Structure formats: structure tokens, C-alpha cells
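K.L.:
need a 3D model of the sequence below.
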Amino acid sequence: MRILVTHKVKSLEEFFSASFKKERHEFFSDFAKNINEFVSADNTVGIIADVFDESILVQKRSSNENLALMSKHGVSIESMKFFKKT
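P.N.:
Sure, this is the predicted structure:
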């Protein structure tokens, strides 16, 4: 299953820093592969990934670990949209 997640961030520079990118990829790699990140001029980012274990995705999506990581990376949780390929 392919997913697309979009959201705004406080700082593109911080969000795309090498250390933050590594943390995100480590988090996603528990349930997804082929992780790609995109950016628009209005501080919106998109992440596309191929999910190989949907149960882990569902579990981790609302976990304290994920919420802490999003906060650390400057993610605007209110702006988040989650899409699944049909």
C-alpha cells in the first residue's frame, strides 16, 4: 500500500536537516520502504512511502514516539493529511 502524508512545518531548514531526516527514515522503516520527501514553497511537506506492514503503521501513527518526533521536527499536527492509494 502506498501512502502520502502532508503537513506544514515551522522551518524547512530544520525539518530537512540531516539528523531529522535520518530520524524520520528510521521511524518509517519499521513499516515502510521507498520513503520520499517533497516540499512546497509554503512550508508544506509531503512524504510518500510504500507500506509493507499496515498494522505497525496504525500502531505507530498515534504513538507517543510519533507525537514527540513530530513536535521535535516542527510539524503542524493540525495541518496533517493522510492519504492511501486506492
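
K.L.:
for the rest of this, base every contact and every neighbour count on C-alpha atoms.
P.N.:
Fine.

K.L.:
hey, where'd the helices end up in the chain?
P.N.:
Under the criterion DSSP state H, the chain contains helices at 12-15, 18-28, 54-61, 64-72.

K.L.:
contacting residues around the last one?
P.N.:
Around helix 64-72, the neighbours that count as contacts under CA atoms under 8 Å, 6 or more residues apart in numbering are 24, 60, 76-77.

K.L.:
could you identify the most distant pair in those residues?
P.N.:
Of all pairs drawn from the contacts of helix 64-72, the widest gap by CA to CA lies between Lys60 and Ser76 and measures 17.7 Å.

K.L.:
where does pLDDT dip in the protein?
P.N.:
Under the criterion pLDDT under 70, no range of the chain is flagged.

K.L.:
report the central residue of it.
P.N.:
Within the chain, the residue whose C-alpha comes closest to the C-alpha centroid is Ile47; the distance, by CA atoms, centre = their mean, is 5.5 Å.

K.L.:
circling back: do you know which of the helices of the chain lies nearest Asp42?
P.N.:
Between Asp42 and these, the shortest separation by CA to CA is 9.6 Å, and it involves helix 12-15.

K.L.:
show me what the closest one is in contact with.
P.N.:
With contact meaning CA under 8 Å, 6+ apart, helix 12-15 is reached by 9, 20-21, 43, 73-74.

K.L.:
just give me the neighbour total for the residue lying closest to Val45 once chain neighbours are set aside.
P.N.:
On the basis of CA to CA, 6 or more residues apart in numbering, the spatially nearest residue to Val45 that is not a chain neighbour turns out to be Val39, at 4.4 Å. Val39: 15 surrounding residues under other CA atoms under 10 Å.

K.L.:
of the contacts of helix 12-15, buried ones?
P.N.:
With neighbours counted by 16 or more other CA atoms under 10 Å, the contacts of helix 12-15 contain buried members at 9, 73-74.
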